[in-house]
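Q: Quick one: sequence and predicted model below, then my questions.
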Amino acid sequence: MNPQNIAVLLGGPSAEHDVSLVSGRAIGEALVQRGHAVTGWLIGLDGCWWKLPDSAMDRDLPATAFDDPHALGAKGPLSAGAALQHIHDDEPTPVVFIALHGPFGEDGTVQSLCEAADLVYTGAGVAASAVGMDKGLFRRLAKGLGMPMLPWIEIGSAEWNADPHAVQRRVAEFSASLPDHRVIVKPSRLGSSVGIAIVHHPDDPEYAGGAIVDALGYDDAVIVEAYLDHPRELEMSVVGNAPADLESFGPGEIFPGHEFYDYSAKYDDGVSRTTDSPDVPVELRQRLHRVARDAFLAIGGQGFARVDFMVDRSSGELYLNEINTIPGFTPISLFPVLCRAGGYDFGAISEHIVELAIERAATRPRRVLTRADLP
């Protein structure tokens, strides 16, 4: 594609800040190597925005170096509005590559800011981002469309604060209805397996309550879901805008080094391993491609996403777990690895995502209204 001016957003005020730093710098480096002009924009844990010098996009810098943006030579701090105005006024106006994970970056918040600033940005739009990020909303939508979901219940902070004992009883009743009485507790709107705990004794109020309190420390809504004992964990990459043009790649498989694929298992070297060529029967492979695309279309996805599945080893049942509209984008993350198996190397898929953002913007022209247009 023609050289583009690209603003990469990385960091962010979420528990996935450090992962985003790795993703953003890897994307930036790949786009520079393909001839694009890239500027990094750091969003700090405090929500302030900083324009990074080229030297700060070095992937060898530790995450802690970004705790003091002044020392990196960054310009700021700026409010979100001032930073987006600065990006908008750059010539030519950049495409915004959102490399933020978790709340603020993946939940529709920064997407809505880009919409308000009339900026072209990568990935899913506001509504699709919000639904994809919210595990409760996504589960309700997917189940309503007949997609295979594990049983779950939802708990809000208001319900917990009003009567924690009633909530504990509800969790115990839910777990008693499951073949394997164990449950897994997750914050509804978070990623990278942060705040997740397996409850081996859900009939123990103190044990279950502790997991719920921990999860509510990250979000005001919690998912309590049936636990699968060491399932196969399969992932698919989906790329595209229009339904007819979607590409899906995979599956890849994760072999977690811990009881489940928690934060440490994902990001500590040597703890887990993955493969982009697992032994998967043809029928299951076809179903994975079909359900991954269906999930992407169900939320109104655009650009790219990773769709995660679990397979019960004893029954062979397939379950849709979640969709990630801004998946991990490090060189070893399964999303770009699966795309490489489909013919896109890391730089090519980074560039293609920019192309898709430009394509989407071109098909959604903003009409400037005058008073004569009003009813």
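A: All right, it came through fine. Residues are numbered from 1 along each chain as shown.

Q: where do the helices sit along the protein?
A: Read by DSSP state H, the chain holds these helices, from start to end of the chain: 17-33, 80-89, 109-116, 126-133, 135-144, 157-162, 164-176, 205-216, 263-267, 282-298, 334-341, 346-363.

Q: Output the ones you listed in a markdown table, with distance to residue 52 and mean pLDDT appended to each entry.
A: To be clear about C-beta, it is placed using only N, CA and C from the backbone, and glycine gets the same treatment. Below are the helices of the chain laid out as a markdown table (distance: least, C-beta to C-beta, whole Å; pLDDT from 0 to 100):
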| stretch | distance to residue 52 | mean pLDDT |
| --- | --- | --- |
| helix 17-33 | 9 | 97 |
| helix 80-89 | 12 | 97 |
| helix 109-116 | 17 | 96 |
| helix 126-133 | 24 | 97 |
| helix 135-144 | 32 | 97 |
| helix 157-162 | 36 | 96 |
| helix 164-176 | 44 | 93 |
| helix 205-216 | 33 | 84 |
| helix 263-267 | 22 | 49 |
| helix 282-298 | 32 | 98 |
| helix 334-341 | 22 | 94 |
| helix 346-363 | 18 | 96 |
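
Q: Reformat the ones you listed as a markdown table; add mean neighbour count.
A: Compiled in a markdown table, the helices of the chain are given as follows (neighbours: other C-beta atoms under 10 Å):
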| stretch | mean neighbour count |
| --- | --- |
| helix 17-33 | 23 |
| helix 80-89 | 16 |
| helix 109-116 | 18 |
| helix 126-133 | 22 |
| helix 135-144 | 18 |
| helix 157-162 | 13 |
| helix 164-176 | 16 |
| helix 205-216 | 18 |
| helix 263-267 | 17 |
| helix 282-298 | 17 |
| helix 334-341 | 23 |
| helix 346-363 | 18 |
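
Q: Mind putting these into TSV with distance to residue 256?
A: TSV is the format used below for the helices of the chain (distance: least, C-beta to C-beta, whole Å):
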stretch	distance to residue 256
helix 17-33	16
helix 80-89	36
helix 109-116	30
helix 126-133	22
helix 135-144	19
helix 157-162	29
helix 164-176	23
helix 205-216	19
helix 263-267	5
helix 282-298	19
helix 334-341	12
helix 346-363	24
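
Q: now for the ones you listed, which one comes closest to residue 237?
A: Among the helices of the chain, the nearest to residue 237 by C-beta to C-beta is helix 334-341 (4.1 Å).

Q: which secondary structure elements does that closest one contact?
A: With contacts defined as 3 or more C-beta pairs under 8 Å, 6 or more residues apart in numbering; DSSP states H and E, helix 334-341 has these neighbours: strand 232-240, strand 247-255, strand 303-311, helix 346-363.

Q: what do you get if the cut-off is 10 Å, keeping everything else the same?
A: Applying 3 or more C-beta pairs under 10 Å, 6 or more residues apart in numbering; DSSP states H and E, one finds that helix 334-341 makes contact with helix 17-33, strand 232-240, strand 247-255, strand 273-275, strand 303-311, helix 346-363.

Q: Would you mind saying which of the ones you listed lies nearest residue 93?
A: Distances from residue 93 to each of the helices and strands packed on helix 334-341 were compared using C-beta to C-beta; the minimum, 10.7 Å, belongs to helix 346-363.

Q: starting at the chain centroid, how far to that closest one?
A: Offset of helix 346-363 from its chain centre (C-alpha atoms, centre = their mean, to the nearest Å): 18 Å.

Q: Quick one: work out the angle between it and helix 334-341.
A: Here the directions of helix 346-363 and helix 334-341 differ by 100 degrees (axes from the mean of the first three to the mean of the last three C-alpha atoms, to 10 degrees).

Q: other SSEs contacting helix 346-363?
A: Helix 346-363 makes packing contacts with strand 5-11, helix 17-33, strand 95-98, strand 232-240, strand 303-311, helix 334-341 when contacts are defined by 3+ C-beta pairs under 10 Å, 6+ apart.

Q: would you turn the ones you listed into a markdown table with distance to residue 194?
A: As requested, those are arranged in a markdown table below (distance: least, C-beta to C-beta, whole Å):
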| stretch | distance to residue 194 |
| --- | --- |
| strand 5-11 | 16 |
| helix 17-33 | 10 |
| strand 95-98 | 19 |
| strand 232-240 | 17 |
| strand 303-311 | 15 |
| helix 334-341 | 18 |
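
Q: All set, thanks.
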